[in-house]
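**Student:** take a look and give me a structure for this.
(2 chains)
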Amino acid sequence: MQRLVWLGLLFICGCSLWVPVGGPYVSSEHAYEVDLPSNWRRASSIRDGLTMTRDGVTLQVVRIARDPFDKELPFTKRKLDKGMLPQEAAEVVIDNFRSNRDISNFQVSENQPAMVGGYPGFKISYSFQTKGNLRKEGVYYGVLVDQWFYRLFLEAPARHYFPKDRPALEQMKETFKIKL
Amino acid sequence: MRLTTKNCLRGVLLTLFAGLLPACASVSPWGTAGQFDLAEDERRIWTRSIEEAKRLDESGQLYRSSETVEYVNGVALKLVPQTLRGNGQFDIRVRIIKNPLLNAFALSHGAIYIHTGMLAKLENEAQLATILAHELAHITHRHPVQHFRTIQNVSTAMALLKIAALPAGPYGSLIGLLGAMGATAAVSGYSRSMESEADANGLRLTIQAGYDPSQSPKVFEHIQKELEERKIDEPFFFGSHPRLQERKENYAHLLAEEYGDKTGKKGDEEFAESIYPLLLDNAQMDMSLGRSSWAEETIRRAMNIRPADPSGHYHLGEMFRRRGQEKDLEQGERSYRSALECDEEFAPAYRGLGMIYLKQGKKEEAQGAFARYLVLSPQAEDRAYIEQYLPKSGGIN
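**Tutor:** Okay, the predicted model is just below:
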């Protein structure tokens, strides 16, 4: 009985971590606004950016975040720099993916300039394999503005989920505006 | 039978004794006695090794430059003992892993792995033969099965704990791809006596293949010195200070005691020519690890091998541009210009120059360089980026 009560509590707490979204979203803390798709949920407990999913984070995850450009990236020792061209910033982000040994067969299928939040940035489309041999695809928009590095990306299993969810990310990117 | 303390103790002792039996069973090196015959546990080890090798092969982490891979395999084949050649049981094959950390390891069924970082630190073919022969000796002397018989009896849990406690992080976490076979071989190595046996037999194979044995201890001296100078601590066997010290001492002792009068081939030129592209590729990986001084040193070494090849100068320019320290833009510009002196149609150097000019605020020079880049490389993957910098698309703001 006691175990059931604990499980119930865990279930309730777990549910409350994910908040339904849809429509305009303004982050005054991170100085951007974006239209979010309906039927998605955001993680209310993650404060360093917006983390969203529709069916669960293992099936698709969208992140919108910003960090100071000189913050260390998790895998590469190379750093972003304020004076970098979008192409150079994209090189560093790709290097960061390549340096992540938790994934394998990382491949870039597209690396192009893109307007992100009203500023010249970059777009990278990529794929990789997880440790569990699951093939995932991602699309990543990034831009350096003042002292900030903004990024929006989607990662999802290549089969079914990525093609299905990509339009939602593209829609978010189109409405994404940096308000510095 | 009554269950008494004495009976229990006897049972435990009998169990322990029975468990120790396989570990004590003699394991003859392959090719020295009898038929090629795998015991049940060794067969399981081979099966797991083959699975781990398959996982590595499919991981996208293997270095595929055929020139270098063929050359390294050619050296390995010279080292294989006559008794094991063409017996159809072993597929001695060397794979190169794209990893700037210092390491080499072998799996029991004949797969030998060497990191690009290790190859980039070697100076000649005799030194490469030293590393490969050491790994080959682990295979021929069946160290994997001896090792696993021991740890099954002593404490498998301890070994697993050791593997789980490895430092992670970029490149170090290659270990995530390896199972127990590869992790043991790559990280902790085998017991001191098995490693010494691999040193002694490896050196014998190196000499039999006609290589200069005086190069063998130099490999470890050189690597140890570099790691110490840069205060670098790496997770793998060949990047570990105590293990390098052991190798250095063992090889020096063997030379002094047994092979003092032996000479042989060093193979400086063949080695340098064959690993030239790998040096440039590994330098990029060192940059990702923040080891720009190693990257610069490796690129300059490559430039000494082929001074008239624009690639070396271009990579040096890229290193300066990416590092972005004081005066790096000027040094980068000089390197790109040197690349163009080697070959005035070397397209990537124009792109590098264009990017440096952009940062220096020299818009016209940048546009000129970018335009030349696109003329020479009309199918460039980064064409869309470059076109942004040219006047017809609005130019540079």
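
**Student:** from here on, contacts and neighbour counts on C-alpha atoms
**Tutor:** Noted.

**Student:** all helices for chain A, in order.
**Tutor:** Assigned helices in chain A, in chain order: A:2-16, A:86-98, A:161-175 (criterion: DSSP state H).

**Student:** rank these by pLDDT, which is bottom?
**Tutor:** Taking the average pLDDT of each of the helices of chain A, the minimum falls on helix A:2-16, with a mean of 53.

**Student:** find the residue at the geometric middle of the chain.
**Tutor:** With no chain named, the answer covers chain A. When chain A is reduced to its mean C-alpha position, the closest residue under Cα atoms, centre = their mean turns out to be A:Arg63, at 2.6 Å.

**Student:** hmm, I had chain B in mind actually
**Tutor:** Short answer for chain B (Cα atoms, centre = their mean): B:His115, at 1.5 Å.

**Student:** who's the spatially closest residue to that one that is not a sequence neighbour bridged to?
**Tutor:** The shortest distance from B:His115 to any residue that is not its chain neighbour, by Cα to Cα, 6 or more residues apart in numbering or on different chains, is 4.6 Å, and that residue is B:Ile97. With DSSP bridges applied, the residues forming beta bridges to B:Ile97 are B:Leu62, B:His115.

**Student:** what's the burial count for B:Ile97?
**Tutor:** B:Ile97 sits with 23 neighbouring residues when counted by other Cα atoms under 10 Å in any protein chain shown.

**Student:** repeat for B:Phe370
**Tutor:** Neighbouring residues of B:Phe370 were enumerated by other Cα under 10 Å; the total is 26.

**Student:** confirm that it sits in a helix.
**Tutor:** Yes: inclusion of B:Phe370 in a helix is indicated when DSSP: H, G, I helix; E, B strand; the rest coil is applied.

**Student:** wait, isn't it in contact with B:Ile386?
**Tutor:** Yes: distance between B:Phe370 and B:Ile386: 6.5 Å, which falls inside the contact criterion (Cα atoms under 8 Å).

**Student:** what about residue 65, how many neighbours?
**Tutor:** Picking chain A for this. By the measure other Cα under 10 Å, the count of residues near A:Ala65 is 19.

**Student:** if you could check chain B rather than the one you did, that'd help
**Tutor:** With other Cα under 10 Å as criterion, B:Ser65 counts 12.

**Student:** quick revisit: where's the residue nearest to the centre of chain A relative to B:Gly31, distance?
**Tutor:** In this structure, A:Arg63 lies at 58 Å from B:Gly31, with Cα to Cα, to the nearest Å as the measure.

**Student:** quick check: neighbours of the top strand by length along chain A in the sheet, parallel or antiparallel?
**Tutor:** Determined from DSSP state E, the single longest strand within chain A is strand A:104-116. The sheet places strand A:104-116 alongside strand A:119-129 (antiparallel), with pairing taken from DSSP bridges.

**Student:** distance between the partner strand and the chain's centre?
**Tutor:** 11 Å (Cα atoms, centre = their mean, to the nearest Å).

**Student:** what comes up buried for it?
**Tutor:** By 16 or more other Cα atoms under 10 Å in any protein chain shown, the buried positions in strand A:119-129 come out as A:120-129.

**Student:** now do the contacts for the residue nearest to the centre of chain A.
**Tutor:** With contacts defined as Cα atoms under 8 Å, 6 or more residues apart in numbering or on different chains, A:Arg63 is in contact with A:49-52, A:151-154.

**Student:** beta partners for it?
**Tutor:** When bridges are called by DSSP bridges, A:Arg63 pairs up with A:Thr51, A:Phe153.

**Student:** and the one 4 residues further on, by the same measure?
**Tutor:** Judged by DSSP bridges, the bridge partners of A:Asp67 are A:Phe149.

**Student:** against A:Arg78, how distant is the residue nearest to the centre of chain B?
**Tutor:** Distance from B:His115 to A:Arg78, counting by Cα to Cα: 21 Å.

**Student:** which one of the contacts of A:Arg63 is nearest to B:Ser292?
**Tutor:** Minimum separation from B:Ser292 among the contacts of A:Arg63 (Cα to Cα) is found for A:Arg151, which lies at 27.0 Å.

**Student:** next one: the closest residue to that closest one other than its chain neighbours, what pLDDT does it get?
**Tutor:** In space, not counting the residues next to it along the chain, A:Arg151 is nearest to A:Gly142; the distance is 4.3 Å by Cα to Cα, 6+ apart. The predicted local distance difference test score for A:Gly142 is 98.

**Student:** please apply the same query to the one 3 residues further on.
**Tutor:** Confidence at A:Val145, expressed as pLDDT, is 97.
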